[in-house]
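Visitor: What would the 3D arrangement of this be:
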Amino acid sequence: MLVGYISMSDCNQSIPKLSIAILVVGTRGDVQPFLAVARKLQEYGHCVRLATHSEFRGLVKSAGVDFYPIGGDPRVIVEGFVKTQKILLTSWQDIAIQLKQLKAVMESLLQACTQPDPITGDSFRAQAIIANPPAYGRVDVAEALGVPLHIFFTVPWTPTCAFPHPFIPHISHRAGNWLSYFVVDILIWWGLRGYINKLRKNKLNLSPINGLLDTNQVSISHLPTTYMWSPCVLPKPNDWGPLVDIVGYCFVDLGSKYEPPQELLQWLQKGAAPIYIGFGSMPLENPEKTRNIVLEALKNTGRRGIVDRGWGGLATPDAQDVAEDVFLLTIDCPHDWLFPQCCAVVHHGGAGTTATGLKAGCPTTIVPFCGDQSLWGAIIYERGVGPAPIPIAHLSVESLSKAIRFMLQPEVKSRAVDVAVSVRDDDGAAAALDSFHRHLPLGLPLAKPEQGDHVQTVFGYLARFCCRFCAPLLGCFLSS
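Guide: A predicted model of the protein is given here:
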């Protein structure tokens, strides 16, 4: 029997006030939308704890949301993620480092859902869990606690024929698109299977999962899922069923309380609106070379520019030969304050940065490094609000200069403003609250489902018919 969920009509009835653990693995851009959702959940009356990396403690606390630290270093995770996208250049050492980070994440999730606040000592036990897909171990912790699990994310992760998995972007066949999601799930399951089973046995008192193709522990296709982007930017594919909602971008207002340094304000007032160029949390193999490309492209096009340091060190305080028309931004500055000061933006294409640029009505050039960034770059181009994406490996003075000239066309700015109006009309956080309530089980706590995703079930049956001798050997090898 399938677990029942609250219908649309039931949402008008009283939803119990719950203690909710939000588990987020990733960068600042991954965390920020969850702050908007957390605040909306708190407004309803839920007790919310946002568990993420220690680096974002100040960000979470400043938003008025309870914080709990989880394992893993987001800088190492991102650097490893970028490296492992280059499959032919990935070393076993890179993979081992990434697995170690994910293991640290998994081992911290149970405490994040059950331990008292480390500062105040206030008790906490999750009655529901919201998580993003990289928070592996989420399914197992929810199972052990007997609580409902709801996936929230800014990146498409549900199988569809409309476009491929972000990890495998270069596919043009509809069947290949759909299959790519299961290929990624299987590869992740093979890499994490040993860690997950140790977690289940040693910390959660659960039975191990033996099937090599039984990917329910890492897949999200059988779970209620809420995507936090505007449907005017990427509509819901026809093959996503009722378990999946697209609610709009979830913005948290950081800019209204931001006090920019006088040096930046004075520079902005001296001339025309600049072009923002920054690559956020992405690592750069050669920051100086990339910076020189950026500076030369700004010079070629005669534009003022703000060059953001980011995690890759694109801008440094001691950079030489920087023109007066360029401002090197070496401090954190909220994009929702900065982007409205700019005439256009160039960035890596992270979901959060892309959303903020669209909301500000900025023509956008995306320089993708990995993952979903190529997808957002393609969408920006299709919407006519920016040029075709420029992969970081192909970034040059010529390609960036051409992109800047494209963005400065009046018709591109006009289309960007139209998109901004649609994006601003969305109330993503309110819709996210409704989505969470609508997918709550009819009875709490959640009973363990007796039937999972049909495709995963097929994979489970296939695993049982694998060679009796080969499968255990392969399993031992992949888990070692």
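
Visitor: can you pull out the strands in the stretch 351-480 of the chain?
Guide: Per DSSP state E, counting those that start in this stretch, the stretch 351-480 of the chain carries strands over the ranges 364-366.

Visitor: Okay, now the unreliable bits of it?
Guide: 443-480 (pLDDT under 70).

Visitor: For it, just list every one of the helices.
Guide: 351-359, 373-382, 397-407, 410-425, 428-438, 454-464, 470-479 (DSSP state H, counting those that start in this stretch).

Visitor: if you compare those helices, which one is most tucked away?
Guide: Highest mean neighbour count of those: helix 351-359, a mean of 27 (counted as mean count of other Cβ atoms under 10 Å). Every residue, glycine included, has its C-beta placed from N, CA and C.

Visitor: Which residue is the nearest non-sequential neighbour of Thr114?
Guide: Arg125 (5.4 Å; Cβ to Cβ, 6 or more residues apart in numbering).

Visitor: Write down the beta-bridge partners of Leu329, one by one.
Guide: Asp308 (DSSP bridges).

Visitor: Tell me who's in contact with Lys299.
Guide: Lys299 makes contacts with Ala323, as judged by Cβ atoms under 8 Å, 6 or more residues apart in numbering.

Visitor: what helix or strand is it on?
Guide: Using DSSP states H and E, Lys299 sits in helix 287-301.

Visitor: quick one on the thing from earlier: check contacts around the residue nearest to Thr114.
Guide: 19, 113-114, 145.

Visitor: which of those are buried?
Guide: 19, 113, 145 (16 or more other Cβ atoms under 10 Å).

Visitor: for those residues, which one is nearest Lys402?
Guide: Cys113 (49.7 Å; Cβ to Cβ).

Visitor: residues contacting Ile331?
Guide: Counted by Cβ under 8 Å, 6+ apart, Ile331 has contacts Pro261.

Visitor: whoops, I mixed them up, Leu50
Guide: Per Cβ under 8 Å, 6+ apart, neighbours of Leu50: 22, 24, 31, 34-35, 38, 60, 65-68.

Visitor: re the thing from before, could you dump the contacts of Arg125 to JSON lines with pLDDT, secondary structure and distance to Leu223?
Guide: Shown next, in JSON lines, are the contacts of Arg125 (pLDDT from 0 to 100; DSSP: H, G, I helix; E, B strand; the rest coil; distance: Cβ to Cβ, whole Å):
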{"residue": "Ser19", "pLDDT": "97", "secondary structure": "strand", "distance to Leu223": "20"}
{"residue": "Cys113", "pLDDT": "98", "secondary structure": "helix", "distance to Leu223": "16"}
{"residue": "Thr114", "pLDDT": "98", "secondary structure": "helix", "distance to Leu223": "21"}
{"residue": "Leu145", "pLDDT": "97", "secondary structure": "helix", "distance to Leu223": "15"}
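
Visitor: Pipe these into TSV and attach distance to Ile77 per row.
Guide: As requested, those are exported to TSV (distance: Cβ to Cβ, whole Å):
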residue	distance to Ile77
Ser19	27
Cys113	20
Thr114	24
Leu145	25
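
Visitor: Out of those residues, which is nearest to Met407?
Guide: Out of the contacts of Arg125, the member with the shortest distance to Met407 (by Cβ to Cβ) is Cys113, at 44.7 Å.

Visitor: these two touch, right, that closest one and Ala144?
Guide: No: shown here, Cys113 and Ala144 do not form a contact pair, counting by Cβ atoms under 8 Å, at 9.2 Å.
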